[in-house]
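Visitor: Sequence and computational prediction follow.
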Amino acid sequence: MTGVQTCALPILRCVYHGWKFDHAGRCVDMPSEPPDSNFRHKVTIAAYPCQEHGGIIWAYLGPREHQPAFPALEWAHLPEGQVYVTRHIQECNWFQGFEGGFDASHLTFLHSGDTWDGDRPLPVKYEPLSAPCGMLFGTARPHEKGLFWSVEVMAMPFHKLITLQPNRPRGAHMWVPIDDENCMIYSIEYQPEGPLDPSQLDRSHAYRYIHAENLPGSDRCLRNRDNDYLIDRERQASGKSYTGLFGFGIQDCGIQESMGPISDRTVEHLGVSDIHLIQLRRRMLAALKSLDAGEPLPGSDPASYRVRTANFVLPEGQAIAPLVAEKVRAA
């Protein structure tokens, strides 16, 4: 798939009475009515403009007069062969998974063992920053020359760009709400410079990374809460896996779903390492207030999504705010 494709069904016919509708929801045929009837002109169904980008069909559900141009998400505009996308259902509220994706300190524990390449020291500094697309989350870990900063991107309303890892494609997630207690996670790997290297996807195809294996013919994970995520206690006890859960995707699902469909945040204890989550919540609440006031939302400019994650080293004490906008700008 190359470029932008408009996804429009030319016809949708009801199998009960044969009524036929076009892509705009207009009834164009009513074979059950007399030939001279104009009843079909009085009938419409809900219809939403759709486009296909990056192998995913996107729908706009808001008022037609406010429909923006499609955001300049880098991975969504790449041709086939440069993007690898999977999806699976996560059985909890979408924001529960979304904010968990920006929890920096869990990487050292939850994902350690046979699914993490090398040691991952705990962060020593956190720097959440507002951005035109949403937010930037800077996390610093010790480095021989100062601090090693990783900057992840939150793009409104439910996108995350994952910190670039050595010898890996770039990555992204989307937590798309299904209802209050379920969401669909889209996990993406992409290579802007050219075709994906199959050898770099070995871990992904084996479901050891961000992608989760689904039950055949289903979007539900093979490893799910009904079977205790097929936890391997022997592997956990051996030290080869911190949790005994297989793969990043299932480790995240297992923890976030075990909080319950909607976590009770009134009983949580937030520390310094939770500053990203605190600021993310404040940013989203502020966006809701802006929406009620009729003000522009973050990400209203499609070009604001033309960003990437960034890794860089700075001397300890040097602020990242003056530098980060340039470092996350995509070509």
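Guide: Here it is on my side, so go on. Numbering: from 1, shown residues only.

Visitor: ok, so what distance separates the residue nearest in space to the middle of the chain from residue 285?
Guide: The centre of the chain sits closest to residue 174, judged by Cα atoms, centre = their mean, with a distance of 1.6 Å. Distance, residue 174 to residue 285, by Cβ to Cβ, to the nearest Å: 21 Å. Backbone N, C-alpha and C define where each C-beta goes, glycine included.

Visitor: so what's the closest residue to residue 44 other than its chain neighbours up against?
Guide: Nearest residue to residue 44, sequence neighbours excluded (Cβ to Cβ, 6 or more residues apart in numbering): residue 25, at 4.8 Å. Residues in contact with residue 25 (Cβ atoms under 8 Å, 6 or more residues apart in numbering) are 44, 45, 46, 47.

Visitor: same deal with residue 46?
Guide: residue 25.

Visitor: Apply 10 Å and report the result again.
Guide: 25, 61 (Cβ atoms under 10 Å, 6 or more residues apart in numbering).

Visitor: Need the phi and psi values for residue 325.
Guide: Residue 325 adopts backbone torsions of phi -60, psi -40, taken as degrees, to the nearest 10.

Visitor: close enough to count as contact, it and residue 304?
Guide: No: using Cβ atoms under 10 Å, residue 325 makes no contact with residue 304, being 11.1 Å away.

Visitor: ok, those two, which is more surrounded?
Guide: Using other Cβ atoms under 10 Å, the more surrounded residue of residue 325 and residue 304 is residue 304, with 17 against 14.

Visitor: how close does the more buried one sit to residue 153?
Guide: 11 Å.

Visitor: ends of stretch 165-173, how far apart?
Guide: 15 Å (Cα to Cα, to the nearest Å).

Visitor: what are the ranges of the strands in the chain?
Guide: Along the chain, the segments classed as strands by DSSP state E run 5-6, 12-13, 20-21, 27-29, 50-53, 56-59, 83-90, 125-131, 134-143, 146-155, 159-162, 170-179, 182-190, 310-314.

Visitor: ok so, going back, now for residue 304 and residue 153: what residues contact both?
Guide: 131, 133, 134.

Visitor: In a markdown table, list those residues along with distance to residue 218 and neighbour count.
Guide: Formatted as a markdown table, the shared contacts of residue 304 and residue 153 follow (distance: Cβ to Cβ, whole Å; neighbours: other Cβ atoms under 10 Å):
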| residue | distance to residue 218 | neighbour count |
| --- | --- | --- |
| 131 | 36 | 22 |
| 133 | 33 | 26 |
| 134 | 31 | 25 |
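
Visitor: Reformat those residues as CSV; add distance to residue 146 and pLDDT.
Guide: Compiled in CSV, the shared contacts of residue 304 and residue 153 are given as follows (distance: Cβ to Cβ, whole Å; pLDDT from 0 to 100):
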residue, distance to residue 146, pLDDT
131, 24, 95
133, 28, 95
134, 27, 96
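
Visitor: Redo those as JSON lines? Include distance to residue 104.
Guide: Putting those into JSON lines (distance: Cβ to Cβ, whole Å) gives the following:
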{"residue": "131", "distance to residue 104": "17"}
{"residue": "133", "distance to residue 104": "19"}
{"residue": "134", "distance to residue 104": "17"}
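
Visitor: Closest one of the residues you listed to residue 52?
Guide: residue 133 (21.8 Å; Cβ to Cβ).

Visitor: how about the helices of the stretch 151-300 of the chain, start to end?
Guide: 202-205, 233-238, 248-257, 275-292 (DSSP state H, counting those that start in this stretch).

Visitor: Which strands or helices does the longest one pack on?
Guide: Secondary structure elements in contact with helix 275-292, counted by 3 or more Cβ pairs under 10 Å, 6 or more residues apart in numbering; DSSP states H and E, are helix 94-100, strand 125-131, strand 134-143, strand 146-155.

Visitor: mind redoing it with 7 Å?
Guide: With contacts taken as 3 or more Cβ pairs under 7 Å, 6 or more residues apart in numbering; DSSP states H and E, helix 275-292 sits against strand 125-131, strand 134-143.

Visitor: looking at those, which is buried most?
Guide: Compared across these, strand 134-143 shows the largest average neighbour count, a mean of 21 (mean count of other Cβ atoms under 10 Å).

Visitor: Direction included, what does it pair up with?
Guide: strand 125-131 (antiparallel), strand 146-155 (antiparallel) (DSSP bridges).

Visitor: Export those as a markdown table, with columns for distance to residue 87.
Guide: Output for these, formatted as a markdown table (distance: least, Cβ to Cβ, whole Å):
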| stretch | distance to residue 87 |
| --- | --- |
| strand 125-131 | 26 |
| strand 146-155 | 18 |
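
Visitor: nearest to residue 69, of those strands?
Guide: strand 146-155 (14.6 Å).

Visitor: Only the buried residues of the closest one, if you could.
Guide: Judged by neighbour count using 16 or more other Cβ atoms under 10 Å, the buried positions of strand 146-155 are 147, 148, 149, 150, 151, 152, 153, 154, 155.

Visitor: So what touches stretch 137-154?
Guide: Outside stretch 137-154, the residues that touch it by Cβ atoms under 7 Å, 6 or more residues apart in numbering are 102, 104, 121, 123-129, 133-136, 160-163, 276, 280, 307, 309-316, 320, 324, 327-328.
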